[in-house]
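*Asks:* Have a look at this prediction, sequence included:
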Amino acid sequence: MIHKQAFSDPARERRIFARRLIFSVFAMLLMGLLIISRYFDLQINQFQDFATDSDNNRVHVRPAPPTRGIIYDRNGEIIADNRPTSNLAIIRERSGDLDQLMTKISSLITLSDDDIERFYARLKRQKPFEPTPLKFNLTEKEQAILAVNQHILEGTKISATLTRFYPKRDLFTHVVGYVGRINERESNTIDDIAYSGTDSIGKTGIEKFYEDSLLGQVGSDQVETNARGRVMRVLDKVSPTPGSDLQLHLDSQLQQVAYEAFSGGRGALVAIEIETGGVLAMVSAPSYDANSFVSGISQKEYDVLLNSLDKPMFNRSLRGQYPPGSTIKPLFGLIGLQNRSITTSTAIDDPGYFLMEGIERPWRDHNSERGGHGKGVDLAMAIVESCDVFFYTMGVKIGIDTLAASSQVFGLGKKTNIDLPGERPGIMPSRLWKKQTRGASWFNGDTINVSIGQGFMLATPLQLAVMTARIASRGNLIQPQIVKAIDGVKNPALKIAERPNISDEYWDYIHDSMRDVVHSTKGTARGINKHLTYTMAGKTGTAQVISINANEEYDRSKISERQWDHALFVAFAPVEDPKIAIAIIVENGEHGSSVAAPIAKTVIDTYFKSTALKNNNQTLASTKVSYSKSSGGDDADAKQ
Amino acid sequence: MQNNDFVRRIQSPGGDRKKSGSTHIDFPLLILLLALCVFGLLVLYSAGGQDLSYIKRQATFMVVGFCLMFVVAQFEVRYWEKWAFVFYSLGLLLLFAVLLFGVGAKGAQRWLDIGFTRLQPAEFMKVGVPLMLAAYLSNRFIPPTLKHTSWAMAMILLPAVLIVRQPDLGTALLVFFSGFLTLFLAGLGVRYLIFTFLTSIAAVPIMWNFVLLDYQKQRILTLLSPEQDKLGSGWNIVQSKTAIGSGGLNGKGWTEGTQSQLNFLPESHTDFIIAVLGEEFGLIGILTLLTLYALVIARCSFIALNAQSQFGRLLAGSLGLIFFIYVFVNMGMVSGILPVVGAPLPMISYGGTAVLTLFIGFGLLMAISTEPNRMRKVL
């Protein structure tokens, strides 16, 4: 049998085994060669590729974000700076089960629904291995809790970053603006490298307009990281250049006083330093806290702002276009004089209404129920008492095109080119404008409306302030500006040498008339001349919110408060050597004289008080005395 | 006689046959193993993040391993042959115990906690199965008959299935191979080989659908295209290839490998340690290690060819071959030509049980190597 055979043939066993072993040795040699060729291929043929991969693995260039420039007011008070804050972020790729992690985190610290919602929104557009912020501005307690529990919170990261902070909260929001997270639209337009370490960008105001200066230059750290992304050592470093610090013309104290003067109402105020064109105060009330937008505002908070009837997010000083009303009367008078349509001795009779040839409907004067301003109304009286009929007559005589062209020199109907984004141009209507925008021809009736700052005419508070400053400076084409200096270097002011050719006689006449608005007994703003320690020139105005039928009376009781007239006031002071020009609008304030003018007084008072304190020199003190003296005298011989 | 020729050739170059015979130590093998251990500890020091505790543990196991090897070598081969069944059964019992009381990590249950340390019984079966097979087959007919082949296959598959259940596919495959190679060396008929080959192919869809777990399937998919999921299951293989490739010819230098030192390389001190070696010592290091391995295997083959008994032949031959398989599977998987299975690199990877098993195997080889030229007991 086979058994016997096997037992009896050890040599055969040995032979079979030897054959199999030798076969195996050959097989092993082949397989060994396969392994060797594989390693040879990896280490010799593909060496360069893998060496590069390996370096890419470990060496990362990390952007070193620059510190954003700080914004100061003219006295060095901080308006915007950067505060260190701790943020909690999650690196999705390292976190394991995200839901579990979120549950763990919420059991340790409070996460609002909003935090979570926004986190998931951000997560969707996050680059891999980049931390996605979950909660900003951790308190010290929260930081401690998270640090202690770090071992169960794999994939989380607490990072200290500098966050923009606005210590004045809502005071400067409309001028200075705020920074916010870079959104998708912005990320398509910005330079990716410049913003590689920065996640916020100026959204509005100065923050937006001076973004390039404030941003600074990104640096880089070439670092070696381990697989968990932890930096092991820094290989090379290029330090970032911090952004430029801005000094503004704005005066915090003045701004504060101006803002509070609105006492919660709606309106706008722009105050300009006549010498430089620097904007001393720029208020749009109501305002809102700029800090709420820095690390993202919650939808709920945003909705409140958005849906508020007071429109707190609307920048009235720059974008609010109002009929300027009577505030343009001094300018139009000046144009009439220059144009020789009238002289200083031109006088009319005012029965309280104005009739245009061929038009049955009369244009009323605002005091028509009292029978008008009477006989012999000249330009000065028309300004002081704000006589509409005089301006109706004069407007028609000057003609709309001359009115429009000359007004533009004073800043109406076009952007002032202030260093802020989003400015609106207002409307200084003309024949051409009406043709182009309305497709209709111009009527004399349109001119009559415009001649008292109504009708098609619209201006922003900023434009009115500029207009006033240019009148005050006798035609210096003052260019408004917010930023005074960048990194201590003076922001070059755009000085326009050219000035309207108007004789000094006319300037004096208009200045005197405007002074009498405040200082004479018949002046519409006489209510504020008590205890005035300097001379002020001004003009009140009222802007209709709804058009009233010619035969109807404006009756405040019949219409809702939000349709009441807007109250306006423009002013400059002191009359002899103007330093400050101001324009104010109080929405639905009805009367420029009683509502807007007192605000001007408060602000200008403060301005002189603080400049006097600052300079504290004899010269100014003595001028002040002489101002008060002369103002008393002016009052006495005010033109009637 | 042919046999005598072999004997003379062993005796003449060494000249110390008598001395070896008295201490039962195979000096060429001993020197090679010492060299491998030193090299292994060197790489492990770097791979373990220059942490001496790894070295201490591993060195302890190595010392114990050497002692174990000497002890094993002192017993005559025929005792091992006689006790093979006992060891094998003990191994099976331990495998059952693992399934019942085992501890483990990552969803697998592979270890037995015996108080001062943990043991991985599956590792022992890498020696236990060839020992059992060699003992069984050497007393049967060569080449084995169908009946004996079936029994032998049963002896292989029983532990393999138990290990798959842990689950530890890599070790199960290696255990299967260790037994199958013994069968092969015993002269398993070519038709059985073809049959096994075809069965394996037929088994692929069955394995895929019923045996393989998701993560194991994923590993096979990963092998086919590791770049597809660089951060997930492809991570290991992409990183290990990068480590090896970036080592180049000369390597980045000991403890200078960025991939391993900066933790990009997973499992760098266990299954993937060859990548650390490749990165820090380059192709030269790889070839040095392969040379050492080749010499060990050559020595094993030499011992096998000169073994006095059929049992010794089969055992020595299969231990040598399975040693090669360990090397091949590990280096293949780390370099991305084989799927990732749990297979340590012999003598280099960190792992106590694996080291002990290897030394027990080498102890057996030494016993065979120094087996006195006695009458074959079958006669």
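*Replies:* Noted; the coordinates are in hand.
*Asks:* And the pLDDT at A:D97?
*Replies:* A:D97 carries a pLDDT value of 82.
*Asks:* my bad, should have said A:P330
*Replies:* What the model reports for A:P330 is a pLDDT of 95.
*Asks:* hang on, it packs against A:D516?
*Replies:* No - shown here, A:P330 and A:D516 do not form a contact pair, counting by C-beta atoms under 8 Å, at 11.1 Å. C-beta here means a position set from N, CA and C on the backbone, and glycine is covered the same way.
*Asks:* shared neighbours, these two?
*Replies:* Residues touching both A:P330 and A:D516 (C-beta atoms under 8 Å, 6 or more residues apart in numbering or on different chains) are A:I383.
*Asks:* quick one: contacts for the closest residue to A:I36 other than its chain neighbours?
*Replies:* Computed as C-beta to C-beta, 6 or more residues apart in numbering or on different chains, the closest residue to A:I36 that is not its neighbour in sequence is B:L290, at 6.6 Å. With contact set as C-beta under 8 Å, 6+ apart, B:L290 has these partners: A:G32, A:I35, A:I36, B:V327.
*Asks:* what about 10 Å?
*Replies:* Contacts for B:L290 (C-beta atoms under 10 Å, 6 or more residues apart in numbering or on different chains) come out as A:G32, A:I35, A:I36, A:Y39, B:V327, B:M331.
*Asks:* Neighbours of the fifth one, how many?
*Replies:* B:V327 is flanked by 26 other residues according to other C-beta atoms under 10 Å in any protein chain shown.
*Asks:* Check the gap between it and B:M333 for me.
*Replies:* Summarising the geometry, the distance separating B:V327 from B:M333, computed by C-beta to C-beta, to the nearest Å, is 11 Å.
*Asks:* anything in contact with each of those two?
*Replies:* Common neighbours of B:V327 and B:M333, using C-beta under 10 Å, 6+ apart, are B:I274, B:A343.
*Asks:* Could you find the closest non-adjacent residue to the closest residue to chain A within the stretch 201-350 of chain B?
*Replies:* Among residues of the stretch 201-350 of chain B, the one nearest chain A by C-beta to the nearest C-beta turns out to be B:G245. It sits 2.6 Å away. Excluding the flanking residues, the one nearest B:G245 by C-beta to C-beta, 6+ apart is A:F50, at 2.6 Å.
*Asks:* Which elements pack onto the strand or helix carrying that neighbour?
*Replies:* When secondary structure is defined by DSSP states H and E, A:F50 falls within helix A:47-58. Taking 3 or more C-beta pairs under 10 Å, 6 or more residues apart in numbering or on different chains; DSSP states H and E as the contact definition, the neighbouring helices and strands of helix A:47-58 are strand A:219-225, helix B:235-247, helix B:258-261, helix B:273-305.
*Asks:* Same list, these, but as CSV with distance to A:T460 please.
*Replies:* Formatted as CSV, the helices and strands packed on helix A:47-58 follow (distance: least, C-beta to C-beta, whole Å):
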stretch, distance to A:T460
strand A:219-225, 41
helix B:235-247, 60
helix B:258-261, 62
helix B:273-305, 69
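*Asks:* could I get those as CSV with mean pLDDT and distance to A:P362?
*Replies:* Written out in CSV, the entries for the helices and strands packed on helix A:47-58 read as follows (pLDDT from 0 to 100; distance: least, C-beta to C-beta, whole Å):
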stretch, mean pLDDT, distance to A:P362
strand A:219-225, 82, 72
helix B:235-247, 87, 88
helix B:258-261, 82, 92
helix B:273-305, 94, 98
